[in-house]
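Participant: Show me how the following folds:
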Amino acid sequence: SNNDNNNISTTDIITTPSPTNMNIFKSTPINSFSAFDLSKKSHNHRPIITFCKGIDRLLGGGVPIGQITEFCGVPGIGKTQLSVQLALDVQIPELFTGNGGESVYIDTEGSFMVERAAEMAKGVCEHLKKIAIKTSKNPKIGIDSNNFQTVANKITVDKLLQGIH
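Facilitator: Residues are numbered from 1 along each chain as shown. As a prediction, this is how the structure comes out:
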């Protein structure tokens, strides 16, 4: 160990215990999960539906939550549109077999178009209202159809846009 405080070596930093630093390690639990635990946990979440039957079928019901899914392709193929759609679709209420969540949209190119997101949000609202109307006309479903309409009417373009951070 070096006695000169101005010349502290790497060894001194590593081996010199600090009471403050030691308390951090004692009070911070370190959680670990096995691959099996993570697999079970991921199966407890509904995937994000895309409203594109082909994509949803290919991905086993939609885009999985808790995993990274990469969509790639040539420019203009619709990757950004799909990303915005997913940022909206993750907010679909659980009553409509959605996730009822929110999203974080990371735009690395500065191409996020609020106007287009608003148009797409309007489409989601209209789609949910159509489902609610269809449900109310089908008494065999055995679900309170008024609940569908109430929930669908609470979903607005503004509310959906507020759910994208």
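Participant: Skip the chain neighbours and tell me the closest residue to the residue nearest to the spatial centre of the chain.
Facilitator: Central residue of the chain (C-alpha atoms, centre = their mean): S103, 4.8 Å from the mean position. Of all residues not flanking S103 in the chain, A87 sits nearest, at 4.0 Å (C-beta to C-beta, 6 or more residues apart in numbering). Bear in mind the C-beta positions are built from the backbone N, C-alpha and C, glycine included.
Participant: For the one you found, report the pLDDT, please.
Facilitator: A87 carries a pLDDT score of 96 in this model.
Participant: thinking again about what came up before, what residues does the residue nearest to the centre of the chain make contact with?
Facilitator: 86-88, 90-91, 163-165 (C-beta atoms under 8 Å, 6 or more residues apart in numbering).
Participant: For the chain, which segments are assigned as helices?
Facilitator: Residue ranges of the helices in the chain, as given by DSSP state H, are 10-15, 19-27, 35-42, 53-58, 79-89, 114-136, 145-154, 157-162.
Participant: Could you dump the ones you listed into JSON lines with distance to T108 and mean neighbour count added?
Facilitator: Shown next, in JSON lines, are the helices of the chain (distance: least, C-beta to C-beta, whole Å; neighbours: other C-beta atoms under 10 Å):
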{"stretch": "helix 10-15", "distance to T108": "36", "mean neighbour count": "9"}
{"stretch": "helix 19-27", "distance to T108": "34", "mean neighbour count": "8"}
{"stretch": "helix 35-42", "distance to T108": "26", "mean neighbour count": "10"}
{"stretch": "helix 53-58", "distance to T108": "22", "mean neighbour count": "11"}
{"stretch": "helix 79-89", "distance to T108": "11", "mean neighbour count": "19"}
{"stretch": "helix 114-136", "distance to T108": "17", "mean neighbour count": "16"}
{"stretch": "helix 145-154", "distance to T108": "33", "mean neighbour count": "15"}
{"stretch": "helix 157-162", "distance to T108": "20", "mean neighbour count": "15"}
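Participant: Would you single out the least confident of these?
Facilitator: Minimum mean pLDDT among the helices of the chain: helix 10-15, a mean of 42.
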